[in-house]
Structure formats: C-alpha cells, structure tokens
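K.L.:
Fold the following for me, if possible:
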Amino acid sequence: MCRLFGFRSVISSQVHRSLVSADNAMMRQSEMHPDGWGVAYYVEGVPHVIKSASTAVSDTLFRRVSGIVASETVVAHLRKATVGNKSILNSHPFQYGSWIFAHNGQIPNFENYREELLASVSPIFRRFVLGDTDSEVIFYLLMSHMARRIDVHRKGAAIEELTEAIVETVDQIHKVTGLNCLTSGKEQEFYLSFLLTNGHVMLAHQGGKELYYSTYKLCCPERESCPSFSKVCEAPAVHNGFVNHMIVSSEPLQGENVWLEMMPGQIVGVDWRMQLQVFQQSAALVAQ
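P.N.:
Numbering: from 1, shown residues only. Coordinates of the predicted model:
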C-alpha cells in the first residue's frame, strides 16, 4: 500500500527530516513504495504540487523539493500502484483549487464500480478526472459532497461539515461496492484511509489502513528558541482543544513526537484556528 504524510502547524516549518533524513523517513520507505511520489505545500495560501512517477529514493528532485519545503501545511505521498498504471496523472496528491487529497488504500475490483461512482460525481468536477485510479474518483466524489455543504472556493470550512461529507462519501462507496472498509480485513483489502486539506483545515480519515497522528512532544528540543512554544507543545491534546501542530503519518516517524494510533472509522482534524477535533464513526453507522 501507499504511504501518507500530513503536516499542519501554526508556524512555517521545514519537514526535511520527516521526508528524507530520519531512519524511517518517507524517502527510505519508497524502496517498498516505488510507483511515484508527490509533495504539496502552501505558500501564502496557494498550493504548490510537485509529482513524479519515479521512485523517491532514486529521484534527486524528491531530495531537492524536500530540502526547500518550509510551510505551515504539507502533504506528501508515496505510491504503490494497485489501480492504474505508473504515471504522473495517477500520482498523488490530487488537487482542485486549494484542496489537496492523498489516499492510502484501494477499492477491490474498481473497474466494476468505476462508472457508477463516476456518475455520482458532479459534472463540475467530473471533467477533471484525468487518470484511471480509484483515488482520483474518490477525491472528486468527496468534492461533490463537500460542494453541497460549503463554498469550496472559500478558505473557511467548518470541520463538522467536512466530516459529514467524508462520512457520506465513504457510505456511498460502501453501498455501491457492498463492502465495508471498516470491517473488510485483509481478505478483501478494501481501504479508504486519506488526507484532505485546503491549507487552513486538515483532516485524516482512517478507513481500515493504519494512520497515526501526533500533536505534542514529551520535550521539545526548541522550547527555548521557538516563538510559538507553549504548554500544548508538550501535553496531550483533547477534543476541541488547541494545538500548535498536527502530524499524520502511515507509521510513527522517529523523533520527539508522541504518536497516537487512529482507530478504524476515526476522523481527526484541525480547523483554521488549530482546534483539534476527533470524530468516531462505527462500522454499523457507516453501513446503514
């Protein structure tokens, strides 16, 4: 399966260690996930997306991009192809306007459901489906559900409304396929874990494939020099509490961050104020 990384912070920070330097950095993970990579970051609220169909560990561009990225919001993805060939069009993250989406998982036998799912995508978004992955269709299906609740071109977006759109999207995929990603197990290998952000809000959905998140460190090595340091940097976060950063990863990355494992059906996100919100959907609720 693929690998995901998401970073949202109150200050612009470099993510070079997470992407390149750590012993289990994403570049090293690309040896097992060799079918393309992508990095999205925001500059003055504008997303910049750089993608490649090459393997990150052997791609000098990945090193160069990872070395210069300093942003309040970053999403990175390593692809291990399950649906669709190896090409830039099929590499993640996918973008529409300010929205960035990256997926870890697959819809089994996607070719049997592609047309029905694509028909549920709003015509406004359907014309932007350029590749042949299930992930891109999932993204624009989610955008369609989001557009019924919010103006997707405005920066402001309530976490609650985005969560409703995520649950509705996952539920629709369950109904079309007759499968449930929260209970599928390894036999079916049906996973819908993904990241979504517009640079201001960021949400992660655990759809059967492992995701971890971190909002604090036991002891921040920059506590004496960081202008944004506060008690929340070294204390567990609570629902509706404020944090200075949130990191999401397919596996805990080495370093000072304390990692929490997301449960299947869990949605974790921060809004534009960096207020943490955690939602838990049950498999039975999503299957209704």
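K.L.:
residues contacting the closest residue to Ser122 other than its chain neighbours?
P.N.:
Computed as C-beta to C-beta, 6 or more residues apart in numbering, the closest residue to Ser122 that is not its neighbour in sequence is Ser144, at 4.1 Å. Every C-beta, even on glycine, is put in place using the N, C-alpha and C of the backbone. Ser144 makes contact with 120-122, 125, according to C-beta atoms under 8 Å, 6 or more residues apart in numbering.
K.L.:
Tabulate those (TSV), appending secondary structure, neighbour count and distance to Phe242.
P.N.:
TSV is the format used below for the contacts of Ser144 (DSSP: H, G, I helix; E, B strand; the rest coil; neighbours: other C-beta atoms under 10 Å; distance: C-beta to C-beta, whole Å):
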residue	secondary structure	neighbour count	distance to Phe242
Ser120	coil	16	37
Val121	coil	22	35
Ser122	coil	14	34
Phe125	helix	18	33
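K.L.:
Break down the stretch 1-150 of the chain into its strands, ranges please.
P.N.:
Along the stretch 1-150 of the chain, counting by DSSP state E, counting those that start in this stretch, strands occupy 3-14, 37-43, 46-52, 70-78, 94-96, 99-106.
K.L.:
so what's the residue nearest to Ser122 scoring on pLDDT?
P.N.:
Reported pLDDT at Ser144 in the predicted model: 98.
K.L.:
In this model Val10 seems to touch Ser228, though I could be wrong.
P.N.:
Yes: Ser228 is within contact range of Val10, at 5.3 Å (criterion: C-beta atoms under 8 Å).
K.L.:
which residues are common contacts for the two?
P.N.:
Asn244.
K.L.:
between those two, which one's more packed in?
P.N.:
Set Ser228 next to Val10 and count neighbours by other C-beta atoms under 10 Å: Val10 wins out with 18 against 13.
K.L.:
Next, the contact list for that one, please.
P.N.:
With C-beta under 8 Å, 6+ apart, Val10 has these contacts: 72, 228, 244-245, 274.
K.L.:
Equivalent analysis for Glu222, please.
P.N.:
Contacts of Glu222 by C-beta under 8 Å, 6+ apart are Phe229.
K.L.:
Could you do Gly38 as well?
P.N.:
Here Gly38 is in contact with 49-52, 76-77, 79, 91-93, 102 (criterion: C-beta under 8 Å, 6+ apart).
K.L.:
Please apply the same query to Val268.
P.N.:
So Val268 contacts 203-204, 213, 246, 248, 262, 276-279 (C-beta under 8 Å, 6+ apart).
K.L.:
Can you show me the strands along the stretch 151-288 of the chain?
P.N.:
191-197, 202-205, 212-217, 245-249, 257-261, 266-270, 276-280.
K.L.:
Taking strand 191-197 as reference, get the angle to the lengthiest helix in the chain.
P.N.:
Secondary structure assigned by DSSP state H gives helix 159-177 as the longest helix of the chain. Calculated by axes from the mean of the first three to the mean of the last three C-alpha atoms, to 10 degrees, helix 159-177 forms an angle of 150 degrees with strand 191-197.
K.L.:
Next, the buried residues of helix 159-177.
P.N.:
For helix 159-177, the neighbour count (16 or more other C-beta atoms under 10 Å) marks 159, 162-174, 176-177 as buried.
K.L.:
which one of these is nearest Pro221?
P.N.:
Ile159 (30.3 Å; C-beta to C-beta).
K.L.:
Is that closest one in contact with Gly269, as I believe?
P.N.:
Yes: in this structure Ile159 lies within contact range of Gly269 using C-beta under 8 Å: 5.1 Å.
K.L.:
shared neighbours of these two, anything?
P.N.:
What both Ile159 and Gly269 touch, as defined by C-beta under 8 Å, 6+ apart, is the set 201, 203, 277.
K.L.:
From Met262, how far off is the second one?
P.N.:
It refers to Leu203. Distance, Leu203 to Met262, by C-beta to C-beta, to the nearest Å: 11 Å.
K.L.:
Tell me which of those two has more neighbours.
P.N.:
Between Leu203 and Met262, Leu203 has the larger neighbour count (other C-beta under 10 Å), namely 25 against 22.
K.L.:
okay, now the closest residue to that one other than its chain neighbours: neighbour count?
P.N.:
Leaving aside its sequence neighbours, Leu203 sits nearest to Gly269 (C-beta to C-beta, 6+ apart; 3.5 Å). Residues lying near Gly269 (other C-beta under 10 Å) number 26.
K.L.:
again with Glu251
P.N.:
Neighbours of Glu251 under the rule other C-beta under 10 Å: 15.
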